[in-house]
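Student: Turn this into a model:
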Amino acid sequence: MDIRLEDEQIKVGDTLLPGVYDGMEITGDIRSDEEELKGGKKVVNYSYNPATIRLNLKLLNDDNGTAEAKLAIIQKVFRASPSQKKPQTYKFVSSHAKARGIGQVMMLRLRSQDTNTNDIIAVSLEFQATESTTVSVQKVAAASGGGQQYVVKKGDTLSAIARQFGTTVDAIAKANNIANVNLIYTGQRLTIPGASSSPTRLAASSAAVDDADAPKVR
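Tutor: Next up, the predicted model:
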């Protein structure tokens, strides 16, 4: 599914989002992770966070409906219903995004804000580039039977998880029914089949995150 800017309006798939388009902002930044080595020595590793895109809209009361009714349409795009468990991914079609090396994105956040002084609701849709994002894992209690359980967090790729725990990307994908091995999301619980009982620690600097290279979040 595509996201496009057409005639100063935002189109998500076949849905033209209501509201007045108020600009796009793309942010890329880095993070630092402090690691303590043997002997008490500390080192700081640096890596790239996934790029984020923010699209801004203003919703007005007019002949096409109330601002609240328009917001409800946008909410359905963000999350169709409470039963939707995983966020949608999109192809972001924009020359601005292309110049930043961004193609595939996930809708990360929907913000809405109103004031008591007028009938305008300000909305921002935030997306995260997914081609080269990273995740880290936190060990939790082992599941009964089919492998250890881990919770995905920002910090490393799925391939890094496989290397860290002595298994393969294909094995993790198969065990968790992951159709796109480049797409996992923060908070996702993964079963790690055949994981080593003493996984190798990966330095934070090994995380490959670059908002300009296409290689990954879901």
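Student: What's the local residue count around residue 29?
Tutor: 10 (other CB atoms under 10 Å). The way it works is simple: take the backbone N, C-alpha and C, and place the C-beta from them, glycine included.
Student: Tally up the residues packed near residue 169, please.
Tutor: So residue 169, with other CB under 10 Å, has 17 neighbours.
Student: OK, contacts around it?
Tutor: Shown in contact with residue 169 (CB atoms under 8 Å, 6 or more residues apart in numbering): 158-159, 162, 181.
Student: helix or strand for the closest residue to it other than its chain neighbours, which one?
Tutor: In space, and not counting its chain neighbours, residue 169 is closest to residue 162: 4.8 Å by CB to CB, 6 or more residues apart in numbering. Residue 162 belongs to helix 158-164 when assigned by DSSP states H and E.
Student: Show me how far that helix is from its chain's centre.
Tutor: Relative to the centre of its chain, helix 158-164 is centred 18 Å away, using CA atoms, centre = their mean, to the nearest Å.
Student: Please apply the same query to stretch 116-128.
Tutor: 21 Å.
Student: buried sites along it?
Tutor: 120-128 (16 or more other CB atoms under 10 Å).
Student: of all those residues, which comes closest to residue 96?
Tutor: Checking those against residue 96 with CB to CB, the nearest one is residue 127 at 12.5 Å.
Student: A helix includes that closest one, no?
Tutor: No: with DSSP: H, G, I helix; E, B strand; the rest coil as the criterion, residue 127 is located in strand rather than a helix.
Student: tell me the contacts of it?
Tutor: 3, 52-55, 90, 92, 105-108.
Student: what packs against the longest helix along the chain?
Tutor: Ranked by residue count and defined by DSSP state H, the top helix of the chain is helix 67-78. With contacts taken as 3 or more CB pairs under 8 Å, 6 or more residues apart in numbering; DSSP states H and E, helix 67-78 sits against strand 52-59, strand 104-114, strand 121-129.
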